[in-house]
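Student: Dropping the sequence and predicted coords here.
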Amino acid sequence: MTDRGVSDSDMPTFPWQTWPDAQALDAFLSGNCRPEEVPADLRPVAEVLVALQAPPDRREVAGWGQALTVYREIAGRPGMPGRARSRRPRLIAPPLGARFAAAAGAAVIAVLGGGAAAAYTGSLPGALQKIAHEAIAAPGVREGPAAPTPQSSGHPAGPSVTGAAVKGLCDAYLHAEEHGNASQRSVAFRHLVNAAGGADQVAAYCASVPHPGATSRPGRRVGQTVSPTDASHGRKPTTPPGKPTTPPGKPTTPPGKPTTPPGKPTTPPGKPTISPGNGGGNGNGNGPGKQS
Amino acid sequence: MIGEDFPAVLAAAQRGDEAAFAALWHDGQPTLLRYLHVLAPDAAEDIAAETWTHVVRGLARFRGTEQNWRAWLFTTARRRVIDQTRQLMRRPATSLEALPDLTLADLQGLRSPDAADLALENLATRAAMGVIASLPPMQAEVIMLRVVAGLDTEAVAQLLGRSPGAIRIAAHRGLHRLASLLAEAGVTR
């Protein structure tokens, strides 16, 4: 493919020297990029792509009640095989994994959804903080001409954080890198950047931690082959490694009821506070069935 | 993405399992809304609801992988957008085969300049969507389908009725343009 027919306005001149090749861009678009791993010139772009994949906002799932009503109505008709033969849909129980995945997925989504509100606190990635300020007039965003990062309203965390705290941040980041989704990585990285005093300080910052495992792990680079799991665009609701012993609990969210209180601060990556549900769950599935 | 559990979740949802349908919906709806807010910000919620109604009706007959599922979901949504655009433009309906030839440029009637009016609490996501919506329409749609919908180049090509090469070029130009916009906004570090 050539670039013939491209208007001048479509091909502006670019101020950076490190534009990645086509293969790397493909990985970029697949969600397999982390802002800290791309050339500095491209970090704002990477941050935008990560933000596009942020966990669901509770307002984005506000239509669940309506959707469930439609599902019950249509799934209860004779057109739906299985459902038509019996009003008790789980006479043949679905695989346990499916039920667990569904409930765990919903729980993780609910937990992560609450974290979105933390974006108000002024700890957005640098590029987006700036855009948010200009495009949306975000509250609490102040411009400081001499500030190295636009997070002038943030917390005074800086390189003075040492020892176990440093290791904790680096470990949190590595953990999110290994097990988290894109947003969890983003959150972990944000904390790390805040503590390190800038994105370009992170490597040195983590390197200062005595624990060898914190820095010697090879990171995945843009363009590198990724496993199918990694290629899941970082949105898979990841089960935390500590495997919650939580029973699935109620399989469905009550229509329209927000599962997370607004303004709840971000849950630290890897520590979803899944509530224990109602203990025994509703495992036999004799739920509401068909809507009256 | 639901991942390796997808076949079991899909099968359960097809049997009428509400929890399984909840998993499908909660996985798909936020990404669908973000996509629709870039295409048709004024009608995103309505079109998303119509999309799910259509999808639920066809759910029992659906066969395929998770990629196929997402492609179906977004294809359905896109057709709803196009239908709505046609209604607004009062153009005579044409055959379905002609649909892929429509580009986002044809959908401009539904497009408002500010997709950031999506009432998200997440400012970063709102800001990001606002920037994407300011890209040329084809570039914006390709980036949303690749990054947000999680579709690969081939799936996007099929969905838009373009060659994979054309999709790659649109995506790369979109990223270039995005970088330029951000650089102009002074956010390079």
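Tutor: Arrived safely.

Student: Can you measure across stretch B:127-147, start residue to end residue?
Tutor: With Cα to Cα, to the nearest Å as the measure, stretch B:127-147 spans 16 Å from end to end.

Student: Tell me the predicted confidence for the nearest residue to B:I47 once chain neighbours are set aside.
Tutor: Once flanking residues are discounted, B:I47 sits nearest to B:R80: 4.7 Å by Cβ to Cβ, 6 or more residues apart in numbering or on different chains. Just so you know, the C-beta spots here come from the backbone N, C-alpha and C atoms, and that holds for glycine as well. If you check B:R80, the pLDDT there is 94.

Student: Which strand or helix spans B:R80?
Tutor: Secondary-structure element containing B:R80, defined by DSSP states H and E: helix B:66-89.

Student: what's the spacing between that helix and its chain's center?
Tutor: Centroid displacement of helix B:66-89 relative to its chain, using Cα atoms, centre = their mean, to the nearest Å, is 8 Å.

Student: would you put the C-alpha positions of stretch A:42-54 in PDB?
Tutor: The C-alpha trace of stretch A:42-54 is given here as PDB (Å, rounded to 0.1, in the frame of the first residue of the first chain):
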ATOM      1  CA  LEU A  42       4.400   8.700  22.100                       C
ATOM      2  CA  ARG A  43       3.400   8.400  25.700                       C
ATOM      3  CA  PRO A  44       0.500  10.800  25.300                       C
ATOM      4  CA  VAL A  45      -0.900   8.600  22.500                       C
ATOM      5  CA  ALA A  46      -0.400   5.500  24.600                       C
ATOM      6  CA  GLU A  47      -2.200   7.200  27.500                       C
ATOM      7  CA  VAL A  48      -5.100   8.000  25.400                       C
ATOM      8  CA  LEU A  49      -5.400   4.400  24.200                       C
ATOM      9  CA  VAL A  50      -5.200   3.100  27.700                       C
ATOM     10  CA  ALA A  51      -7.900   5.600  28.800                       C
ATOM     11  CA  LEU A  52     -10.200   4.400  26.100                       C
ATOM     12  CA  GLN A  53     -10.000   1.000  27.700                       C
ATOM     13  CA  ALA A  54     -10.600   2.100  31.200                       C
END
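
Student: Is chain B within reach of that stretch?
Tutor: Yes: applying Cβ under 8 Å from any Cβ of the partner chain, one finds stretch A:42-54 in contact with chain B at A:42-45, A:47-49, A:51-54.

Student: which element follows the lowest-mean-pLDDT helix or strand in chain B toward the C-terminus?
Tutor: Lowest on mean pLDDT, DSSP states H and E among the helices and strands of chain B sits helix B:123-133, with a mean of 88. Under the assignment DSSP H and E, the closest C-terminal helix or strand after helix B:123-133 is helix B:137-143.

Student: tell me what that following helix is packed against?
Tutor: Applying 3 or more Cβ pairs under 8 Å, 6 or more residues apart in numbering or on different chains; DSSP states H and E, we find helix B:137-143 packed against helix B:18-39, helix B:123-133, helix B:153-160, helix B:164-184.

Student: One more pass at 6 Å, please.
Tutor: In terms of contacts (3 or more Cβ pairs under 6 Å, 6 or more residues apart in numbering or on different chains; DSSP states H and E), helix B:137-143 is packed against helix B:164-184.

Student: chain center to the helix it packs on, what's the gap?
Tutor: 17 Å.

Student: cool, and stretch B:4-14?
Tutor: 22 Å.

Student: cool, stretch B:141-161 as well?
Tutor: Worked out by Cα atoms, centre = their mean, stretch B:141-161 lies 8 Å from the chain centre.

Student: First-to-last residue distance for that stretch?
Tutor: Criterion Cα to Cα; first-to-last residue distance in stretch B:141-161 is 13 Å.

Student: Could I get the buried residue list for it?
Tutor: Neighbour-count burial for stretch B:141-161 flags B:141-153, B:155-157, B:159-160 (criterion: 16 or more other Cβ atoms under 10 Å in any protein chain shown).

Student: before we move on, what about stretch B:47-61?
Tutor: Neighbour-count burial for stretch B:47-61, counted by 16+ other Cβ under 10 Å, picks out B:47-56, B:59-60.

Student: Alpha carbons of it, in CSV - could you do that?
Tutor: The C-alpha coordinates for stretch B:47-61 follow below in CSV (Å, rounded to 0.1, in the frame of the first residue of the first chain):
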residue,chain,number,x,y,z
ILE,B,47,-28.9,2.6,19.7
ALA,B,48,-27.1,0.4,22.3
ALA,B,49,-30.4,-0.7,23.7
GLU,B,50,-31.7,-1.5,20.2
THR,B,51,-28.6,-3.4,19.5
TRP,B,52,-29.0,-5.6,22.5
THR,B,53,-32.6,-6.3,21.7
HIS,B,54,-31.6,-7.4,18.2
VAL,B,55,-28.7,-9.5,19.6
VAL,B,56,-30.9,-11.2,22.3
ARG,B,57,-33.4,-12.1,19.6
GLY,B,58,-30.7,-13.8,17.6
LEU,B,59,-28.7,-15.1,20.5
ALA,B,60,-29.9,-18.7,20.4
ARG,B,61,-28.8,-19.1,16.8
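
Student: what does that stretch rub up against?
Tutor: A:67, A:70-71, A:74, A:80-81, B:14, B:32-33, B:36, B:76-77, B:80-81 (Cβ atoms under 6 Å, 6 or more residues apart in numbering or on different chains).

Student: ok, B:D46 - how many residues close by?
Tutor: B:D46: 14 surrounding residues under other Cβ atoms under 10 Å in any protein chain shown.

Student: That should have said B:T75, apologies.
Tutor: Neighbourhood size, B:T75 [other Cβ under 10 Å]: 18.

Student: got a list of what it touches?
Tutor: B:L159.

Student: can you pull the pLDDT of it?
Tutor: At B:T75, pLDDT is 97.

Student: repeat for A:C33
Tutor: At A:C33, the pLDDT value in this model is 69.

Student: Contacts only, for the residue nearest to B:I47.
Tutor: Counting by Cβ under 6 Å, 6+ apart, B:R80 makes contact with B:47, B:50-51.

Student: Of those, which belong to helices?
Tutor: Judged by DSSP state H, helices contain the following of the contacts of B:R80: B:47, B:50-51.

Student: Tell me how far B:A171 lies from chain A.
Tutor: 6 Å (Cβ to the nearest Cβ, to the nearest Å).

Student: Cross-check the contact I'm expecting between that residue and B:E141.
Tutor: No: using Cβ atoms under 6 Å, B:A171 is not in contact with B:E141, being 10.0 Å away.

Student: between the residues of stretch A:42-54 next to chain B, which is nearest B:G64?
Tutor: Distances from B:G64 to those, taken as Cβ to Cβ, are shortest for A:Q53 (22.8 Å).

Student: hmm, stretch B:25-38 touching chain A?
Tutor: Yes: against chain A, stretch B:25-38 shows contacts by Cβ under 6 Å from any Cβ of the partner chain at B:25-26, B:30, B:33.

Student: Of those, select the buried ones using a ChimeraX command.
Tutor: Filtering the residues of stretch B:25-38 next to chain A down to the buried ones (16+ other Cβ under 10 Å) takes a single ChimeraX command:
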select /B:25,26,30,33
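
Student: if I look at A:R43, how far off is A:E36?
Tutor: Distance, A:R43 to A:E36, using Cβ to Cβ, to the nearest Å: 7 Å.

Student: Looking at those two, which is more packed in?
Tutor: Ranked by neighbour count (other Cβ under 10 Å), A:R43 and A:E36 place A:R43 first, with 24 against 21.

Student: Over to B:A40: give its phi and psi.
Tutor: Per-residue torsions, B:A40: phi -140, psi 70 (degrees, to the nearest 10).
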